[in-house]
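*Asks:* Pasting a predicted model and its sequence here:
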Amino acid sequence: MSNLHFNKQGFVDSLKTNKNLVTYLSTTIGLMLTLLMHSLIQGDIKLEYFAYAVVVSFAFYVWAVVDNRYRKEPCKISD
């Protein structure tokens, strides 16, 4: 048995405070697994598809960060 101690509460707290990163990582992993399964079934694994999935996941992460930032600030409408 390994002597490595895993602080479960610290891990859970970090997930709660960094929701955008969790969303980004879970989306990326989900896209990668979906692409892998599809590629294995179709027989055409291409590295470009995985690169596109990372780019799309990063775009969603940036969108979530920007959206979260501007939702916290009150809207200023100038007349």
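*Replies:* All right, it came through fine. Predicted, not measured: the structure shown is a model, and the values here were computed from it. Numbering: from 1, shown residues only.

*Asks:* now the residue minimising distance to the centre of the chain: how far from residue 67?
*Replies:* In the chain, the C-alpha nearest the mean C-alpha coordinate belongs to residue 24, at 1.0 Å (CA atoms, centre = their mean). Computed as CB to CB, to the nearest Å, the residue 24 to residue 67 distance reads 13 Å. Heads up, the C-betas are built off the backbone N, CA and C, glycines and all.

*Asks:* do residue 39 as well
*Replies:* Distance from residue 39 to residue 67, by CB to CB: 32 Å.

*Asks:* do residue 56 as well
*Replies:* 16 Å.

*Asks:* For residue 13, pull up the helix or strand it's in.
*Replies:* helix 8-17 (DSSP states H and E).

*Asks:* and that helix, average pLDDT?
*Replies:* Averaging pLDDT along helix 8-17 yields 68.

*Asks:* From the chain's centroid, how far away is whichever strand or helix holds residue 48?
*Replies:* According to DSSP H and E, residue 48 maps onto helix 47-72. Averaging C-alpha positions (CA atoms, centre = their mean, to the nearest Å) puts helix 47-72 8 Å from its chain's average.

*Asks:* ditto for stretch 19-32
*Replies:* For stretch 19-32 - counting by CA atoms, centre = their mean - the centre lies 2 Å from the chain centre.

*Asks:* which other residues reach that stretch?
*Replies:* 15, 50, 53-54, 56-58, 60-61, 64-65, 68 (CB atoms under 8 Å, 6 or more residues apart in numbering).

*Asks:* let's see it at 6 Å
*Replies:* Applying CB atoms under 6 Å, 6 or more residues apart in numbering, the external contacts of stretch 19-32 come out as 15, 53, 57, 60-61, 64-65.

*Asks:* now do stretch 47-67
*Replies:* Contacts of stretch 47-67 (CB under 6 Å, 6+ apart): 20, 24, 27-28, 31, 35.
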